[in-house]
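[1] Based on what follows, work out the 3D shape:
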Amino acid sequence: MYYRNWFVRQARWGGTVALLLSAMSCGSSSTKTNIFTVSGVVTLNGKPLPDATLIFLPDNGRSSAGKTDDSGRYFLFYNERQKGAVAGRHRVQITAAELVPEKLDTEGQPVFKQILPAEYNAKSEMAVEITSHRDDVNFDLKTKNP
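    Numbers count the residues shown, from 1 in each chain. All right, here's what the predicted structure looks like:
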């Protein structure tokens, strides 16, 4: 079972990265873009949140995305080759899903359930201002049912 879960997590991660990098290639570009490295830690009810996806959506420019590791640490990527995010204000969306045991969709693929409320993703009002390199952009998320 561990091997299967590991495989599913790796497949999810690969698919997520491909999708995020594809989405990040959309958006405006400029001749001189200030890009700063951004990292931090995401916790849920005081515990590290592994396998969460973060998307930083700037008011102007290309979005950046990252994925948390087992300790909840993430690094944002501006594109395939460059870490970071454009300077300015960003709306932040964080998603995290868990595998629904023994459930498959109509195509026989595993089913995942979002574990974070919409206030952290689809309806997020979280915002961060990026003006320099930062390694302290942390998010302490709370849910009613820990």
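[2] Start and end of stretch 39-49, how far apart?
    14 Å (Cα to Cα, to the nearest Å).
[3] just stretch 69-87 next, same as before
    Stretch 69-87 has an end-to-end distance of 25 Å (Cα to Cα).
[4] do stretch 104-115 as well
    End-to-end span of stretch 104-115 (Cα to Cα): 18 Å.
[5] One more: stretch 95-109?
    20 Å.
[6] who's in contact with that stretch?
    5, 8, 12, 44, 49, 51-53, 110-116, 120-121 (Cβ atoms under 8 Å, 6 or more residues apart in numbering). Where you see a C-beta, it was placed from the backbone N, CA and C, and this is true even at glycine.
[7] low-confidence ranges in this protein?
    Low-confidence segments of the chain (pLDDT under 70): 1-32, 146.
[8] contacting residues for the spatially closest residue to residue 38 that is not a sequence neighbour?
    Spatial nearest neighbour of residue 38, chain neighbours left out: residue 76 (4.3 Å); criterion: Cβ to Cβ, 6 or more residues apart in numbering. Shown in contact with residue 76 (Cβ under 8 Å, 6+ apart): 37-39, 54, 56, 64-66, 83-85.
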